[in-house]
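Chemist: when you get a sec, could you give me coordinates for this:
(one chain, ligands or ions: 1)
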Amino acid sequence: MPRYLVTGGAGFVGSHAVLALLDRGDEVVVLDNLTQGHRAAVPAGVTLVEADLGDSARVAEVFATWRFDAVLHFAALSIVGASMREPLHYISENVAHSLRLADAAIKAGCLRFVLSSTAALFGNPDRVPIDEECRIAPSNPYGDSKRMVEEGLAWASRIHGLRYAALRYFNAAGSDPAGRAGEDHDPETHLVPLAIDAALERRPALTVFGEDYATPDGTCIRDYVHVTDLAQAHIAALERIETHGSCRYNIGSGNGASVRDVIAAVERIGGRKVPHSIGPRRAGDPAVLVAASDRLRAETGWQPRHGSLDDIVRTAWAWREAHPQGYADRP
Ligand code: UFG
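Modeler: Predicted coordinates for the structure are as follows:
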């Protein structure tokens, strides 16, 4: 039975990838320091190693204890705004932890690695939809940290034969359609859960960050991709690196939705108004980020199965309604 190490497997995207692996019958070990992740997000039967990636001795111990077919590396600092306040912390932690992890994997003979990368690599993109040939020009330290990690992995690929997949996520949202996992960040900064919580009157009214962008309704356009589809893209990438070696893919649904579109979808699905007001722009927000995921589709056969904004909002709404305290509701 294949066995995978999933760092950040107690977090939002990581926990959905763990479910995708378990659904295939794979064995999973999660390594997570639980600063962002939740113990309750790790399913029964999955070993949780509570450790920080900065603890090299613990990481080496994990590789000495188990033999892994691949590492799926989700654990990272990932809030764009916070990275603008603490650039060196973001860069040093994301880069050092990721490359030391890859180094430990290589030393243990594990030469398969899947990296959670980001659309933030592209900054203000030179064209939309954004394909893999677009200019890499991050406009914040978070995106730049992932660029540096991708470059480090490319060297490891050339020199050590590491086979890696760099998966550039656009806006991950939604939750497991079977209700086994959901989105629970602290602090929550993402639009979909904030809009749902505002509708459920669990949070204050939503602030729309700017309506003077050069878009049809003046609000920013993003590519919301269902987290379960994103999880499946990891499975597709694992298969691809096995047969074809390293790869880099942009992953989105290919559909742009504005902030106003998201508010309308939440109101339609939830049957409640989303109280909101218009505020100033948020620093560092590009007007439009939409992925061209054609390469991933053509090379792996991956297809989004929950691609519509309504699917995303429906599953996210169901989880948040069922878990008013998020994972704190669970034993
Ligand atoms: N937004 C609001 N009000 C809020 C929160 C968000 O109007 O209270 C807007 C943002 O301005 C943006 C959109 O909703 O236009 C989406 O914002 P999110 O914070 O949900 O997501 P981001 O697009 O900022 O960032 C996400 C990931 C990043 C990744 C980026 C790449 O969190 O890690 O997508 O597209 F880099």
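
Chemist: which residues touch Arg202?
Modeler: Contact partners of Arg202, counting by CB atoms under 8 Å, 6 or more residues apart in numbering, are Pro324. For the C-beta atoms, the positions are set from N, CA and C on the backbone; glycine is no exception.

Chemist: that one and the ligand, how far apart?
Modeler: Between Arg202 and the ligand the distance, using CB to the nearest ligand atom, to the nearest Å, works out to 14 Å.

Chemist: just read off the phi/psi values of that residue.
Modeler: phi -100, psi -10 (degrees, to the nearest 10).

Chemist: likewise Ala264?
Modeler: The phi/psi pair for Ala264 (degrees, to the nearest 10) reads phi -60, psi -40.

Chemist: with Leu5 instead?
Modeler: According to degrees, to the nearest 10, Leu5 has phi -90, psi 120.

Chemist: in contact with the residue of the stretch 151-300 of the chain found nearest the ligand, which residues?
Modeler: For the stretch 151-300 of the chain and the ligand, the shortest gap (CB to the nearest ligand atom) falls at Cys220, measuring 3.0 Å. Shown in contact with Cys220 (CB under 8 Å, 6+ apart): 209-210, 213, 258-259, 285-288.

Chemist: so Pro125: helix, strand or coil?
Modeler: Secondary structure for Pro125, judged by DSSP: H, G, I helix; E, B strand; the rest coil, is coil.

Chemist: for Pro331, give me the pLDDT.
Modeler: Per-residue pLDDT puts Pro331 at 52.

Chemist: show me the helices in this protein, by range?
Modeler: 12-23, 56-65, 80-85, 87-107, 141-160, 191-199, 227-244, 259-270, 294-300, 309-322 (DSSP state H).

Chemist: tell me the residues of the stretch 101-250 of the chain that contact the ligand?
Modeler: The stretch 101-250 of the chain has residues 118-120, 170-171, 189-191, 194, 206-209, 220, 222 near the ligand, with proximity defined as CB under 6 Å from any ligand atom.

Chemist: what's the PyMOL syntax to select whichever of those residues are buried?
Modeler: Command for PyMOL that selects the buried part of these, burial taken from 16 or more other CB atoms under 10 Å:
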select buried, resi 118+119+120+170+171+190+191+194+206+208+209+220+222
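
Chemist: between the residues of the stretch 101-250 of the chain next to the ligand, which sits nearest Gly301?
Modeler: Phe170 (19.6 Å; CB to CB).

Chemist: list the contacts of that closest one.
Modeler: Counting by CB under 8 Å, 6+ apart, Phe170 has contacts 119, 222-225, 250-253, 289-291.

Chemist: summarise which helices and strands the helix or strand of the chain with the lowest mean pLDDT is packed against.
Modeler: Within the chain, confidence by mean pLDDT, DSSP states H and E is lowest for helix 80-85 among all helices and strands, at a mean of 91. Contacts defined by 3 or more CB pairs under 8 Å, 6 or more residues apart in numbering; DSSP states H and E place helix 80-85 against helix 141-160.

Chemist: any idea how far Arg58 lies from Asn33?
Modeler: 10 Å (CB to CB, to the nearest Å).

Chemist: can you list the weak-confidence ranges in the stretch 101-250 of the chain?
Modeler: Along the stretch 101-250 of the chain, the model assigns pLDDT under 70 to no residue.

Chemist: and Ser157, how far from Arg100?
Modeler: 17 Å.

Chemist: which of the two has more residues huddled nearby?
Modeler: Just comparing Ser157 and Arg100: by other CB atoms under 10 Å the higher neighbour count belongs to Ser157, 18 against 15.

Chemist: show me what contacts that one?
Modeler: By CB under 8 Å, 6+ apart, the neighbours of Ser157 are 163-164, 245-246.

Chemist: quick one: which of those residues is nearest to Arg67?
Modeler: Among the contacts of Ser157, and counting by CB to CB, the member closest to Arg67 is Arg163, at 16.4 Å.

Chemist: next, count neighbours for that closest one.
Modeler: 21.

Chemist: ok, and the closest non-adjacent residue to it?
Modeler: Spatial nearest neighbour of Arg163, chain neighbours left out: Ile241 (4.2 Å); criterion: CB to CB, 6 or more residues apart in numbering.

Chemist: and for Asp212?
Modeler: Gly218 (5.7 Å).

Chemist: how many neighbours does that neighbour have?
Modeler: 16.

Chemist: Ile106 now?
Modeler: By other CB under 10 Å, neighbour count at Ile106 equals 18.

Chemist: same question for Lys107.
Modeler: Counted with other CB under 10 Å, Lys107 comes out at 11.

Chemist: my read is that it contacts Ser56, right?
Modeler: No. Lys107 lies out of contact with Ser56 (CB atoms under 8 Å); the separation is 10.9 Å.

Chemist: which of the contacts of Ser157 has the largest number of neighbours?
Modeler: Counting by other CB under 10 Å, top hit in these: Tyr164 with 28 neighbours.

Chemist: residue contacts, that residue?
Modeler: 102, 112-115, 153-154, 156-157, 241, 246.

Chemist: of the residues you listed, select the buried ones using a PyMOL command.
Modeler: To isolate the buried ones among the contacts of Tyr164 in PyMOL, judged by 16+ other CB under 10 Å, type:
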select buried, resi 102+112+113+114+115+153+156+157+241+246
